[in-house]
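Trainee: only the shape, not the letters, is given here:
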């Protein structure tokens, strides 16, 4: 583990907006890899992928298609991290027993799984059966080559308590995969709401 003295003065983060088709694991991984190639070519250090990028957000099929973390999906991402020399943050559906979690991971450039976060504010009205919920007390940041990095997911940031818990971890950077969906009629105003939310979180 690198100490603070060896951290780079500047970190480049690629925000990888990937088209994710529900249940299309292979196609989604192809699009993920293309995005990682672009991130590497743009000299990024970290690539941040969306929420539920492999199986699709709020996709009921994930109850059958999702696997464990660590597992095959994180193994594939680990191989890509090593191949492209990138730290990867990705939202993944995670199955543990009969529970499905909306999770996110940080995988370092060597392919090591450094952190997993399970979404807490899962919006249960959007899927039946809904995602299982993570625990607020598990909100944390981890030391990496690029500083102390925190991890949350989308609607977790709607809670002032969750944001406070993360702030109390004193992160240098917080990565937050979003699945920001709305009816077509609500765009582009919906996008501006997300921009305002993220800017407000950064200032907090």
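Mentor: Nice, I can see it. The model shown is predicted, which means the values in this text are computed figures rather than measured ones.

Trainee: got a list of contacts for stretch 10-20?
Mentor: Outside stretch 10-20, the residues that touch it by Cβ atoms under 8 Å, 6 or more residues apart in numbering are 28, 31-32, 35-36, 38-39, 42-50, 52-57, 86, 146-147, 173, 175. Quick note: C-beta positions are derived from backbone N, CA and C, even for glycine.

Trainee: quick one: the helices in the chain?
Mentor: Taking DSSP state H, the helices of the chain run over residues 25-41, 62-65, 72-84, 160-167, 189-203.

Trainee: got the angle between the third one and helix 25-41?
Mentor: Here helix 72-84 points in a direction 30 degrees away from that of helix 25-41 (axes from the mean of the first three to the mean of the last three Cα atoms, to 10 degrees).

Trainee: for helix 72-84, which helices and strands make contact with it?
Mentor: Counting contacts by 3 or more Cβ pairs under 8 Å, 6 or more residues apart in numbering; DSSP states H and E, helix 72-84 packs against helix 25-41, strand 87-96, strand 99-107.

Trainee: low-confidence ranges in this protein?
Mentor: Applying pLDDT under 70 to the chain flags the ranges 1-7.

Trainee: how does it look with 80?
Mentor: Applying pLDDT under 80 to the chain flags residues 1-9, 204.

Trainee: quick one on the thing from earlier: which among the helices and strands packed on helix 72-84 is found nearest to residue 190?
Mentor: strand 87-96 (18.9 Å; Cβ to Cβ).
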